[in-house]
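J.: Show me the folded form of this:
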Amino acid sequence: MKGIIEAIANKQKLLGGCLLHPPATLNEIAEFESQLGFELPPDFVEFYSICNGFECTDDIFTMIPLQNVLRHKNDFGKNWLHFAEYMIYSDMWSLKKLTDNQYLIINRGENEIGLTSSLTEFLQRFLQGGVFEKGGLYDWHEEIKLT
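T.: Okay, here's the model as predicted:
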């Protein structure tokens, strides 16, 4: 996870910049989960313990910091939360809890599409193609939509 985050930051630095937020503490993550009403999957806990979100200038893409999710009541609900956004909340990616141990990352564009259960895979796709490029998040959305 740390390597993917560093690779994203390095790639985005060349494209216009990337602000990595300082890590959340395990106590902050536990407090977030308490206010949210469910536990985050392990890869989300790992991500937020490495960096509490990031903002990329090139794609106007943000992995939303925990405190920002809680600030906006429309960004979470029973068993779900928005964790990433593009162009100041024009498009959203959300984590949806399906069962105690099953989660799904969905894109909440025109049609809700399930992408993966892995934050690592999500970040790898963003690293590969950002939001718009080949292999990126929108390309992934279209690949799944066609199957």
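
J.: next one: phi and psi at L127?
T.: For L127, the backbone dihedrals (degrees, to the nearest 10) come out as phi -60, psi -40.

J.: where in this structure is pLDDT low?
T.: Low-confidence segments of the chain (pLDDT under 70): 14-15, 89, 109-110, 147.

J.: Can you list the residue ranges for strands in it?
T.: 18-20, 54-56, 61-63, 76-77, 80-86, 91-99, 102-108, 112-116 (DSSP state E).

J.: The shortest one: how far from the chain's middle?
T.: Average the C-alpha atoms of strand 76-77, do the same for its chain, and the two points are 15 Å apart (CA atoms, centre = their mean, to the nearest Å).

J.: For C18, grab the count of nearby residues.
T.: Neighbours of C18 under the rule other CB atoms under 10 Å: 20. Yep, even glycine has a C-beta here, placed from its N, CA and C like the rest.

J.: likewise P65?
T.: Other residues close to P65 by other CB under 10 Å number 20.

J.: As TSV, the strands of the chain with distance to G135 would be great.
T.: Output for these, formatted as TSV (distance: least, CB to CB, whole Å):
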stretch	distance to G135
strand 18-20	19
strand 54-56	16
strand 61-63	15
strand 76-77	29
strand 80-86	16
strand 91-99	16
strand 102-108	15
strand 112-116	13
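
J.: What distance do you get for the nearest residue to V45 once chain neighbours are set aside to I144?
T.: In space, and not counting its chain neighbours, V45 is closest to I29: 5.7 Å by CB to CB, 6 or more residues apart in numbering. Remark: distance between I29 and I144 (CB to CB, to the nearest Å) = 29 Å.

J.: Of the two, which one has the most company?
T.: Higher neighbour count among I29 and I144: I29, with 21 against 13, using other CB under 10 Å.

J.: That one touches L66, doesn't it?
T.: Yes. Using CB atoms under 8 Å, I29 is in contact with L66, at 7.0 Å.

J.: Need the residues touching each of these two.
T.: The overlap between the contact sets of I29 and L66 (CB atoms under 8 Å, 6 or more residues apart in numbering) consists of Y48.
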